[in-house]
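Visitor: sequence and predicted structure are below.
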Protein chains: 2
Amino acid sequence: MTRDESAAIDAFERLGLTSYEAKVFIALQQLGSGTARDVARTTDVPRSQVYSVAESLEKRGLLAVQQASPIRYRPVSIDEAQTTLRNRFEREQERAFDYVEQVKRDSVEEETQEDIWTIRGRERVDDRVVDLVSNAEDRVLFGTRLPDLVTPALGEALENRAAAGVAVTVVSRDDGVRDRLGSLEGVTADLPPTNREDDERSGRILIVDDDGILLSVVDDSGGETAIWSSGSLFASVLIQLIEASDELR
Amino acid sequence: MTRDESAAIDAFERLGLTSYEAKVFIALQQLGSGTARDVARTTDVPRSQVYSVAESLEKRGLLAVQQASPIRYRPVSIDEAQTTLRNRFEREQERAFDYVEQVKRDSVEEETQEDIWTIRGRERVDDRVVDLVSNAEDRVLFGTRLPDLVTPALGEALENRAAAGVAVTVVSRDDGVRDRLGSLEGVTADLPPTNREDDERSGRILIVDDDGILLSVVDDSGGETAIWSSGSLFASVLIQLIEASDELR
DNA sequence: ATGCTGTTGTTATGATCCTACAAACGCCAC
DNA sequence: GTGGCGTTTGTAGGATCATAACAACAGCAT
């Protein structure tokens, strides 16, 4: 079994198939169609198991069964299989989240707990940044040395807020970052205060109004970890501290 | 535990979460945020299990962890959670099918085996019908008594083929069906031959060129089962038999 | 027809892994 | 100590994996 095949089987498993189901499906795509014996020959799935596995795959809509002797199996087209799986996913997701939305606490009023949260992983930090920016009402300040941390979604969110009258400022030592974001309508791009030391491991900084802040760091292996707080006294104080140090320049 | 909640948990499980993970996630959406004890109180998940389960959820990007004592957990927004799960799904599906496409047999030339295939389930029959229609080069004949079996995708496929010069004919006793499909550009709608008995359990019939055929039946509980064949001698003969009987009228 | 051989489809039986569930433990604040 | 917190360890159950045995059947030589 090749490395690629193992990876594909793992992926199928994460999509909800068993390892046998994945192997049989892949084998049938290779074969075009075949009997239980054909499948068993090209995989390490015991022949006696192929029947029940194929039956299960048929129920999922991934293959068709030919009533004959010997029974022949035929996979659906790749497009059809993808569509079937995607529809199933969307249906399940809808079911799951419909209920969650029903019971979700009415947390309309922002929680003013003294909470500071930790997020690990670049994409999740991306999401949180966009989320915080989208709630800005007065001003937004965003800074990073790393061009990789400027995503299209962030650009859209910043432009959107700027259009809504929010003062949007981007700060970076990196020319590319300033050019990219500064060219957006209503967004101001600046160099950072000269007195600020640029720690090698600093990731990004985001300040929203006077009560939302996010700071991230990048570790040696490139992983990003962020802390953030919104609507808390902690956030306000931290913001004041950071901005007070800038006044000294 | 309510029926709705069980259904939601089942749905989450089919999305790849464990039952505990689903319960903790739902509970945190209800609570807004909370400690392990809070979660354990509102669910039947043992407190000692909440920690590891929450850690697993954090890795999936479904909640954030507050480093404090006691540890507090906070779910990501519902939108964010859905997006995260959807991205994960698309990524896995891409991985899985990339490999399958690589190794898929080059079955460019249609297999001319004497194969007749069985398909169960209305949606799968829908898919197969559209697939067969899309391969028509000369003519298409489609018939059904049941308006439910006429899907938008079918309409598009028929119209598309008609535009490509294929002779498309729709046959039905049902006025609605004839109206719907007959109004499409290039599609002819007719009543069925009068000598044909309309079995109560017949579903649809599709004839493509002179070598593709699909017949379906609807059982007592509304389930549809179809047989089809394409490019086989069997298909040609069956088509001739069916059409010969029409000539007698 | 009889017996032999190989295949097919079904069923039964361990082995193995993961989840669910429970309980005990060390730690710290008070 | 006492009580709450977070971690670790252990056990039972279920699903999947893997192997084996079985009856039914077709082909074939005797």
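Guide: Everything's here; your move.
Visitor: from DNA strand D, how far off is the closest residue to A:Thr83 other than its chain neighbours?
Guide: Leaving aside its chain neighbours, A:Thr83 sits nearest to B:Asp127 (7.5 Å; criterion: CB to CB, 6 or more residues apart in numbering or on different chains). (Glycine included, C-beta is placed from N, CA and C.) Between B:Asp127 and DNA strand D the distance, using CB to the nearest atom of the strand, to the nearest Å, works out to 25 Å.
Visitor: then A:Glu243?
Guide: 32 Å.
Visitor: looks to me like that residue is in a helix.
Guide: Yes: the assignment for A:Glu243 by DSSP: H, G, I helix; E, B strand; the rest coil puts it in a helix.
Visitor: show me what the strand or helix carrying the residue nearest to A:Thr83 is packed up against.
Guide: Here B:Asp127, judged by DSSP states H and E, is contained in helix B:122-134. When contacts are defined as 3 or more CB pairs under 8 Å, 6 or more residues apart in numbering or on different chains; DSSP states H and E, helix B:122-134 packs onto helix A:78-103, strand B:139-144, helix B:152-163, strand B:202-208, strand B:212-218, strand B:224-230.
Visitor: and the angle for the first one with helix B:122-134?
Guide: Interaxial angle, helix A:78-103 versus helix B:122-134 (axes from the mean of the first three to the mean of the last three CA atoms, to 10 degrees): 140 degrees.
Visitor: so does helix A:78-103 get close to DNA strand C?
Guide: No: legend: contact between helix A:78-103 and DNA strand C by CB under 7 Å from any atom of the strand is lacking; minimum distance shown is 14.7 Å.
Visitor: and the next element down the chain from that helix?
Guide: Next helix or strand after helix A:78-103 toward the C-terminus (DSSP H and E): strand A:117-120.
Visitor: residues touching A:Asp211, list them.
Guide: Neighbour list for A:Asp211: A:230-232, A:235-236, A:239 [criterion: CB atoms under 8 Å, 6 or more residues apart in numbering or on different chains].
Visitor: would you turn the residues you listed into CSV with pLDDT, neighbour count and distance to A:Val24?
Guide: Shown next, in CSV, are these (pLDDT from 0 to 100; neighbours: other CB atoms under 10 Å in any protein chain shown; distance: CB to CB, whole Å):
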residue, pLDDT, neighbour count, distance to A:Val24
A:Ser230, 81, 22, 50
A:Gly231, 76, 19, 53
A:Ser232, 71, 20, 54
A:Ala235, 76, 23, 54
A:Ser236, 79, 16, 59
A:Ile239, 81, 19, 58
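Visitor: quickly, which of the helices and strands packed on helix B:122-134 bottoms out on average pLDDT?
Guide: Of all these, the minimum mean pLDDT falls on strand B:224-230 (a mean of 82).
Visitor: give me the contacts around it.
Guide: For strand B:224-230, the surrounding residues in contact (CB under 8 Å, 6+ apart) are B:110, B:115-122, B:125, B:128, B:132, B:135, B:149, B:203-204, B:206, B:208, B:211-219, B:235, B:238.
Visitor: buried sites along it?
Guide: The neighbour-count check on strand B:224-230 (16 or more other CB atoms under 10 Å in any protein chain shown) flags B:224-230 as buried.
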